[in-house]
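Student: Generate a structure from the sequence data that follows.
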Amino acid sequence: MFARSHSEIASTRAAYALLGLSGPVESKALTAAFRTAIMAARPEVAGGSDARFRKTIAAWRLIQRQTAPLALAAPVAPQITVPVLAISPLDALNGGVAEARIAGRRLRIRVPAGLRTGDHLRLKAAGDNAADLYLPVLVRGAHGLSAVGDDLYMSCPASHRLLAEGGRLEIETHAGSRSAWLVPGHQPLRLRLKGLGLPARGSRAQGHLFVTLEPSEDVPTAAEDLLIRFTRVWTPHRLAA
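Tutor: Modelled structure (predicted):
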């Protein structure tokens, strides 16, 4: 029955014309056109007949066969998942080597100095069809340092007496020892050491290092620190000499 009805329609164009359409339309409009055409083609209606009714159904089925989606979608090539390239603040400061796993491969990637969180590092010809890959960068806190934008952050212990009386505070930074003078009665919770943040790169300016002071009972004063250093160098053997 279906094959005989289908053969009565010469083409999809003829099927659309039988439904009163000039070409493809949206699903709702197609259904509405079929309902109108099938009601007018019924044998008991003036102008209708068995042959017209049968052809209208055949036209509807032909259009459905031509416009129905495939049962199985075409296979899609797997896309490379781009990992986040996590580096330490020291890598962002000085450059280094980081590892990333891409498409099952573990790659060692040379990291230039000055990268910030949110930057992208280009890997030439590492993607599909030898396309470039752009890895998003995350500067993750490590070694007592954290990075926010261009600036670095760290903490430093300071004795209660030094915070109250003032004096020189020695801060061990990634760039070596730095001195800061604390004023009695006006102690900031955070110090800024200019130019010790992430290096300038492109349009990004040189950052700063912000040091948060953490009150501690175990930290020696500047004078006590000098005495400790003196006793480490001037042993009894040297004093006797």
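
Student: could I get the host helix or strand of residue 98 in CSV with only the CA atoms?
Tutor: Per DSSP states H and E: residue 98 is located in strand 96-102. What follows is strand 96-102, C-alpha atoms only, in CSV (Å, rounded to 0.1, in the frame of the first residue of the first chain):
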residue,chain,number,x,y,z
GLY,A,96,60.8,28.0,33.9
VAL,A,97,59.4,24.8,32.6
ALA,A,98,55.9,23.5,33.3
GLU,A,99,54.2,20.2,32.4
ALA,A,100,50.8,19.8,30.7
ARG,A,101,48.9,16.7,29.4
ILE,A,102,47.4,17.3,25.9
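
Student: and that strand, which strands flank it?
Tutor: strand 105-111 (antiparallel) (DSSP bridges).

Student: Assign the residue most central in space within the chain to one of the three secondary structure states.
Tutor: Geometric centre of the chain, nearest residue: residue 136, 5.7 Å, by CA atoms, centre = their mean. Taking DSSP: H, G, I helix; E, B strand; the rest coil as the rule, one finds residue 136 in the strand state.

Student: residues near the closest residue to it other than its chain neighbours, how many?
Tutor: Of all residues not flanking residue 136 in the chain, residue 84 sits nearest, at 5.3 Å (CB to CB, 6 or more residues apart in numbering). Heads up, the C-betas are built off the backbone N, CA and C, glycines and all. Residue 84 has 11 neighbours, counted by other CB atoms under 10 Å.
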